[in-house]
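**Q** With the sequence up front, the predicted model follows.
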Amino acid sequence: MNTRRDLDEDLIRQLARLLKENDLTEIEIEQDDRRVRIVRAPAPVEPVRVAPAAPQPAQQPAAAPAPPAPAGPHPGTVTSPMVGTAYRARDPQADPFVRIGDVVAEGQTVLIIEAMKVMNDIPAPRAGKVTRILVEDGQPVEYGEPLMIIE
């Protein structure tokens with residue numbers, strides 16, 4: 001015979017499974033006289049080391065400070081092969097090549113970098129799931145700068 005406690009435990013297990021399968025950090029449901037909220041910490045991401053940027057000329061305004069760079073490269077880090085401007089889509093009205101949570105194939109275009117008026121496709125170096133996108137659309141990038149992480 002199923003008791004209310006058994007039903008509650010089954011519901012919690014199902015919700016926890018949904019959190020994990022959909023890479024969510026929180027889920028909440030309310031049904032009849034019950035309300036259940038489950039929260040989990042996001043999976044830790046291995047830190048990525050960023051090379052220091054070259055000094056800027058005095059005429060240019062100072063860029064906003066970047067978040068602190070984690071220490072140690074992640075094996076799924078996609079880095080910039082050149083200096084240029086990163087774009088997440090072919091044009092401003094198009095959908096981005098990838099979003100967080102997308103599964104990509106090795107060689108699939110994940111970003112483009114414009115350098116000297118030439119658009120360069122940036123392919124996924126490996127197949128996997130995009131877990132972090134570290135650049136904004138239209139952001140200047142340096143050689144070796146981490147662009148995204150594919151797990």
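**A** Arrived safely.

**Q** How is this structure partitioned into domains?
**A** Segmentation of the chain into domains, based on automatic domain parsing, reads 4-39, 77-150.

**Q** host element of the residue nearest the centre of the chain?
**A** Closest residue to the average C-alpha location of the chain: residue 132 at 1.5 Å, with CA atoms, centre = their mean. Using DSSP states H and E, residue 132 maps to strand 128-133.

**Q** pLDDT at residue 139, what is it?
**A** pLDDT recorded at residue 139 is 92.

**Q** Just give me the neighbour total for the nearest residue to it once chain neighbours are set aside.
**A** With sequence-adjacent residues excluded and distances taken as CB to CB, 6 or more residues apart in numbering, residue 139 is closest to residue 86, at 5.3 Å. Every residue, glycine included, has its C-beta placed from N, CA and C. By the criterion of other CB atoms under 10 Å, residue 86 has 22 neighbours.

**Q** go on, residue 18?
**A** Using other CB under 10 Å, residue 18 has 13 neighbouring residues.

**Q** Isn't residue 109 up against residue 123?
**A** Yes - the pair residue 109 / residue 123 is scored as a contact, 5.9 Å apart, by CB atoms under 8 Å.
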